[in-house]
Every structure is written in structure tokens, then in C-alpha cells.
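Colleague: fold the following for me, if possible:
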Amino acid sequence: MACAGTGEAGERRKVLEEALTFYGSYGEKALEQTRRLLGKLREGAREAGERWEKVLEVWRRLEHMEAGNGTLPEDLPSPLCLVVLGFQLNPDGSMRAELVERLKTALRCARQVPGARILCSGGGTAGNSQVTEAGQMTRWLRETGIAGERLIEENRSLTTAQNAVCTCRLLRERYPEVRNLALVTSDYHIPTGMLVFGAWSILCPEEAGHLRVIAHASCPGGREPLSRMFQAAALLELAGDRETAFRIYRDTYHVHSLPEI
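Modeller: Numbers count the residues shown, from 1 in each chain. This is a model prediction of the structure:
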């Protein structure tokens, strides 16, 4: 995780944690203090500090973004990959209604852009360890008529931050021709998804720098957007601070620990 600017131990890690959680708690009211803390980080680790300052500006821009609707803009460049974010499975491994709605949106988008690949992202969140969100998602898409050669499974991730990291790694390693991504998820999840994918491209350009999220489509999720503090936890996870991240959002993700990404 050194490419995410998190090789610094001790004081620098504390400074970053303070900066992200401070902005997560208070938003624009904490902007001056957050910038001061990131400036302190930059004094000891210039490149890392500069990258986190860029992440902060992305975070601010996305805070009040509109989630959009269930279709993509016209005339998107290719090659394009639709990235469908998973959702907690039922204990028996079946998909919850919200995940099915995400897939219905993905199906519309796949038909709208017939040349696009479709990557389903999500790991094992059911009682049956052999069943993954991505596996169930790709099976559903095949059964609704999507050709198997268009489908990609990313079946390790358990959080949104891991969705971003694992997706970017898989595409870089196996599909290097892909440059453009379109996120598909629930409306309340779009800002957080855009944030973590954008942050990872800044923090680790060696892995994700060539990938850009250029569009998104969503289904109604019936919830308020994920909180700014939840987003802070996702950024901390990208930074390698799994302990603090898990402490913040453990009531949202039904996992007992966070694996390293």
C-alpha cells in the first residue's frame, strides 16, 4: 500500500486519520483545519500530502452531486467497462432485492452500450463461503441474455474501497485496453463509489491511473446518501488503516474484519 501514500508510520498516520475524520465529521466547517493537517503531512511526505490534497478536492466536488438515473449518457467512448457494485447476499446465498435492481439497471446499460464489458464486483458475503456476489450477479446476467464473453467477475471485495482496488487491479492485469468505466449501483451509493474510484486513481496511479469513471447509472435505493464519515472510513481503508475504517463502519458491513487490499 505504499503507493497510496501510507508507508508513513506513527505520527503521519495519525495526522491523516485526524484530517479525514475531521472533515468527515464537520465538512466545510473543518476545511481550513483539514487543509492544515494535510499540509503538515506534505511537510514530511510531499508526494503523499499532495495526493491527499487532491483527494480532498474530489471529495468536496462530489458531496452534492446528483446520482443520475438508470441509463447512461449517449456516445460514450470505447472501450468501456460497466462496473456493477455488489450488495450483501442473504445468508443462503441468494440475492437481495436491491442487488437485483442494480442488475436490472446494469442490463439496461449493457443493452444501451452493446460493446461494453460488464464487471461484477463483490465477494463472499453469505453463510455459504462458496457463493459470491459477483458469481450470483454474472449468473443472473447470463440468464437474462448477456453473452458470457462480456462478463468479468471480481469476487474478492467486501467493501466499496475494495471494489475500487480489486476492480482496478483486475482490469489492469487482464484487460489493459480498458480505459473508461461506468459505475452502476444504487443512487445513494453513487457519490461514495465515485469518490473511492477517483481517490484510488490519485493515490495509486501505478495501478489505477489509466482508468477513469466517466459515467454512472443508478437504481433507487430508498436511503439517504452514505454519510461523509462513512466516506472517510472508505478513504482510510484505501490508506491501509483498516482498524480505524472498520471501527467507523462496522455496523454497515456485516463482516468481522477487513482483509488487506
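Colleague: and the strands in the stretch 1-150 of the chain?
Modeller: Assigned strands in the stretch 1-150 of the chain, in chain order: 80-85, 117-121 (criterion: DSSP state E, counting those that start in this stretch).
Colleague: could I get those as JSON lines with mean pLDDT?
Modeller: Written out in JSON lines, the entries for the strands of the stretch 1-150 of the chain read as follows (pLDDT from 0 to 100):
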{"stretch": "strand 80-85", "mean pLDDT": "98"}
{"stretch": "strand 117-121", "mean pLDDT": "98"}
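Colleague: do you know which of those strands lies nearest V58?
Modeller: In this view, those are compared for proximity to V58 by C-beta to C-beta, and strand 80-85 is the closest at 17.5 Å. No exception for glycine: its C-beta is placed from N, CA and C like everyone else's.
Colleague: just the residues contacting the lowest-mean-pLDDT helix or strand in the chain, thanks.
Modeller: For the chain, using mean pLDDT, DSSP states H and E, the weakest element among its helices and strands is helix 205-208, scoring a mean of 86. The contact list for helix 205-208, computed with C-beta atoms under 8 Å, 6 or more residues apart in numbering, reads 3, 164-165, 168-169, 172, 197, 200-201.
Colleague: buried set for that helix?
Modeller: In terms of neighbour count (16 or more other C-beta atoms under 10 Å), helix 205-208 has its buried residues at 207-208.
Colleague: quick one: name whatever helix or strand follows it.
Modeller: strand 212-219 (DSSP states H and E).
Colleague: list the buried ones in that following strand?
Modeller: Using 16+ other C-beta under 10 Å as the test for burial, strand 212-219 gives 213, 215-219.
Colleague: among the residues you listed, which pair sits farthest apart?
Modeller: Most distant of the buried residues of strand 212-219, by C-beta to C-beta, are V213 and C219, 17.3 Å apart.
Colleague: run through the stretch 1-150 of the chain and note the low-pLDDT ranges.
Modeller: Within the stretch 1-150 of the chain, the set of residues satisfying pLDDT under 70 comprises 1-9.
Colleague: from W59, how far off is the closest residue to S78 other than its chain neighbours?
Modeller: Nearest residue to S78 in three dimensions, chain neighbours excluded: G115, at 5.6 Å (C-beta to C-beta, 6 or more residues apart in numbering). According to C-beta to C-beta, to the nearest Å, G115 stands 32 Å off from W59.
Colleague: who has more neighbours out of the two?
Modeller: It is W59, of G115 and W59, that has more neighbours when counted by other C-beta atoms under 10 Å, with 23 against 10.
Colleague: burial measure for the residue nearest to Y23 when sequence neighbours are not counted, as a count.
Modeller: The shortest distance from Y23 to any residue other than its chain neighbours is 4.3 Å, reached at T34 (C-beta to C-beta, 6+ apart). Neighbour count for T34, taken as other C-beta under 10 Å: 25.
Colleague: also G44?
Modeller: G44 has 12 neighbours, counted by other C-beta under 10 Å.
Colleague: distance of the nearest residue to it once chain neighbours are set aside relative to L37?
Modeller: Using C-beta to C-beta, 6+ apart and skipping residues adjacent in sequence, the residue nearest G44 is R12, 5.7 Å away. Distance from R12 to L37, counting by C-beta to C-beta: 11 Å.
Colleague: between those two, which one's more packed in?
Modeller: L37 (22 against 19).
Colleague: shouldn't that one be in contact with Y23?
Modeller: No - between L37 and Y23 no contact is recorded; they are 9.0 Å apart, counting by C-beta atoms under 8 Å.
Colleague: helix, strand, or coil at E153?
Modeller: Judged by DSSP: H, G, I helix; E, B strand; the rest coil, the three-state class of E153 is strand.
Colleague: what's across from it in the sheet?
Modeller: C120 (DSSP bridges).
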